[in-house]
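S.K.: next come a sequence and a model predicted from it.
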Protein chains: 2
Amino acid sequence: MNDTDVIVAGGGIGGLACALALTIAGQRVRVLERSAEFAEVGAGLQMAPNATRILRQWGLLGKVTDAGVMPRRLVFRDAPDGSILTSAPLDERFITRYQAPYVVIHRSDLLTILFEACQDAGVELIPSCTVTDVAIHQDHVTVATSRGDQRAAAAIGADGLRSTLRRRFSDDEPVCSGYTAYRGAFPVAELDLQLESSQLEEVVVYIGPGRHLVQYPLRRGEIFNTVAVFASPGFARGEQDWGNPEELEQAFRGSCDAVTRGLKSLWRDRWWPMFDRVPIDRWVDRRLALTGDAAHPMLQYLAQGACQAIEDAHCLGTVVEKARGNWPDALENYNQARSGPTARVQRAARLWGDIWHVDGVSRLMRNELFRAREPADFSRADWLYGA
Amino acid sequence: MNDTDVIVAGGGIGGLACALALTIAGQRVRVLERSAEFAEVGAGLQMAPNATRILRQWGLLGKVTDAGVMPRRLVFRDAPDGSILTSAPLDERFITRYQAPYVVIHRSDLLTILFEACQDAGVELIPSCTVTDVAIHQDHVTVATSRGDQRAAAAIGADGLRSTLRRRFSDDEPVCSGYTAYRGAFPVAELDLQLESSQLEEVVVYIGPGRHLVQYPLRRGEIFNTVAVFASPGFARGEQDWGNPEELEQAFRGSCDAVTRGLKSLWRDRWWPMFDRVPIDRWVDRRLALTGDAAHPMLQYLAQGACQAIEDAHCLGTVVEKARGNWPDALENYNQARSGPTARVQRAARLWGDIWHVDGVSRLMRNELFRAREPADFSRADWLYGA
């Protein structure tokens, strides 16, 4: 292959977002994806204003809102008793405050939008090509791949939770939370949801001891998305086969009717154990940088995995444009700008999950704190969603 | 011995309070105490207005406040960091609201005041006499004791946590909380407290994960009282020898300096494992009634053990006076009046202790809830202290 300016290892949401941002910044970009197709597994994904602001800059917000849903409200309910604990409007008040909307969208729809934007921008999109290592030289990198060495000015590791390129920076391993997620996305017409109509315009999170369930609409409201997450007793006992559907049913016993019904809207043939990693300070070495889950995988409680990857991409575009070809300076600035904020989100996501899952008297206190909150009090979200 | 109207089994604070209340209600009362002396072990004791109001009715409040201290404030602090979490004034605002003061007093001082009041009122006070059983007849009871059978119109079991007479009502056993208490009461001059002077007029409770420490002055401020309580890891492991001073030191590691210094003000040669029981509905059978810890032993987190025993005594006096010699009716009314409220206090005491001892994210939420509370907001205390 010809030389290019940047090689991005990984064609998921984070990799494509980087490719697009770097192309907009004037770079020639090649994305190497190890799968035969550019595709996403999973179901729904939440996009907070810190990400949608950037999508708008890239000219993609219209497509994203067309393909997704702008929910009117985020609601937390108690999983055992079903009562509302707190809620936050996601309507004009929210959009005015953060200068961008909250959007929920199918992962594959977002990937398609980014893929097509990359195509339109002239990104080289190469499937079935696995990156195995990167050699960093004075003025270029050599990217070793399953299809031979490739040369570029810089390389971006967007190779996800189990990143190969991260090994250059840390010998750490993904940390298993012991929680596993079941997901499901089905046409609304096929489901027996028995929801109030308002819930078809909301993101609802039922939180309870050792478990939670999230529901929201997708694709203009045609599809209903459900995620159920629970602490696996099998994992706690050190068993290999953990998180199976029997454990799912057991974990959600003692939940309100709406949650019990929600369990019927899940795929049962696969599930996703939940991992993150302990934050590390550095994920940049001269002409190589990590991004997204490769750099800072996080638990999904703040729904920020994709959002932070998009922030990474936007930051990369900015520093590269400013550095005018000085890749080591650009990537150093990227590391400086992003390692603190993403570490904070990683830590806050763990804490937020702990808050959702408390039991006993701690649940009573949590519920009281939540109930005392004013719906329009966004003071806890500003650090994350603010401009 | 001659016949009498009432035999009270047990001459602790609860038994003497019953004897006094029943004497005031016109009964001839005999108290049988198994020890050779009427005496209390332990150190300080807190008297909330629900008890001091009754002491005033009995003409004892002046003696109690003379012997004790009326603290100006109740303060909760975080044990790890020492910061104030919330406080409640115990000054005129409090006294006006509840029509009686909050008093802390040495257990032995309160016992002496009650003992002398019983003597003055003509109560027969018999030491070294253990009650082993009560036979209930149509118009009297026969109390079997270590000094032979005695006859009375009714019997009151005030024989404490490990009550013999409770076996007539339930085969339950005391429930060990796995927490143990260390106590100490020393002359202020002997201690290196390094306290702000205001703390010599306060009840301070340092709460932390699996542990807490309580400090307050006694005897007009001459004596300083300290209680340290912690969850024993030895108990959790099922060991016989648990709660020893080594565990005490270990449990309080990571506490602020004031708490660490406070540990020096404890007796080390004995400690008190903490028990309660699950509430039971009935502790009255025709001419026999339980009272105080025999009826409803509770964890000490609400400092209500002695207060509830005094409420029991007051209630007994009232129902007996009204019933004009019909003991079964009187005691039935006593059971009706007291079983609900005391069960509520038993349950609330457990919950309150759980709140004190939470860890991790639950501690952060607890601290936030406490900090949001207005000092003069007594809405949570009215059910307990209210008239």
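M.R.: Nice, I can see it.

S.K.: name the residue of the stretch 101-250 of chain A that lies nearest to chain B.
M.R.: At 11.9 Å from chain B, residue A:209 is the closest residue in the stretch 101-250 of chain A, using C-beta to the nearest C-beta. All C-beta atoms are positioned from the backbone trio N, CA, C, and that covers glycine.

S.K.: oh sorry, the question was meant for the stretch 1-150 of chain A
M.R.: residue A:85 (12.6 Å).

S.K.: next, the nearest residue to that residue once chain neighbours are set aside: secondary structure please.
M.R.: Excluding its sequence neighbours, the residue lying closest to residue A:85 (C-beta to C-beta, 6 or more residues apart in numbering or on different chains) is residue A:370, at 3.9 Å. When classified by DSSP: H, G, I helix; E, B strand; the rest coil, residue A:370 comes out as helix.

S.K.: for the spatially most central residue of chain A, give me the pLDDT.
M.R.: Chain A has residue A:305 as the residue nearest its centroid, 2.5 Å off, counting by C-alpha atoms, centre = their mean. Among the per-residue scores, residue A:305 holds a pLDDT of 97.

S.K.: surely it is in contact with residue A:296?
M.R.: No - distance between residue A:305 and residue A:296: 9.2 Å, which falls outside the contact criterion (C-beta atoms under 8 Å).

S.K.: count of residues packed around the residue of the stretch 101-250 of chain A closest to chain B?
M.R.: By other C-beta atoms under 10 Å in any protein chain shown, 19 other residues sit near residue A:209.

S.K.: what does the one 10 residues further on give?
M.R.: Neighbourhood size, residue A:219 [other C-beta under 10 Å]: 20.

S.K.: CA atoms only for stretch A:243-258 - export them in PDB, please.
M.R.: Only the C-alpha atoms of stretch A:243-258 are listed here, as PDB (Å, rounded to 0.1, in the frame of the first residue of the first chain):
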ATOM      1  CA  GLY A 243     -23.800 -14.700  34.000                       C
ATOM      2  CA  ASN A 244     -26.200 -17.200  32.400                       C
ATOM      3  CA  PRO A 245     -29.900 -16.600  31.900                       C
ATOM      4  CA  GLU A 246     -30.700 -18.500  35.100                       C
ATOM      5  CA  GLU A 247     -28.600 -16.000  37.100                       C
ATOM      6  CA  LEU A 248     -30.400 -13.200  35.200                       C
ATOM      7  CA  GLU A 249     -33.800 -14.400  36.400                       C
ATOM      8  CA  GLN A 250     -32.600 -14.900  39.900                       C
ATOM      9  CA  ALA A 251     -30.900 -11.500  40.200                       C
ATOM     10  CA  PHE A 252     -34.100  -9.700  39.200                       C
ATOM     11  CA  ARG A 253     -36.400 -11.400  41.600                       C
ATOM     12  CA  GLY A 254     -38.100  -9.000  43.900                       C
ATOM     13  CA  SER A 255     -38.300  -6.300  41.200                       C
ATOM     14  CA  CYS A 256     -41.400  -4.400  40.300                       C
ATOM     15  CA  ASP A 257     -43.700  -5.600  37.500                       C
ATOM     16  CA  ALA A 258     -42.400  -3.200  34.900                       C
END
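
S.K.: so what's residue A:32 closest to, chain neighbours aside?
M.R.: Using C-beta to C-beta, 6+ apart and skipping residues adjacent in sequence, the residue nearest residue A:32 is residue A:129, 4.2 Å away.

S.K.: what helix or strand is that neighbour located in?
M.R.: Using DSSP states H and E, residue A:129 is not contained in any helix or strand.

S.K.: what number of residues lie near it?
M.R.: Look at residue A:129: counted by other C-beta under 10 Å, it has 21 neighbours.

S.K.: surely it meets residue A:149?
M.R.: No - with contact defined as C-beta under 8 Å, residue A:129 does not reach residue A:149; the gap is 11.8 Å.
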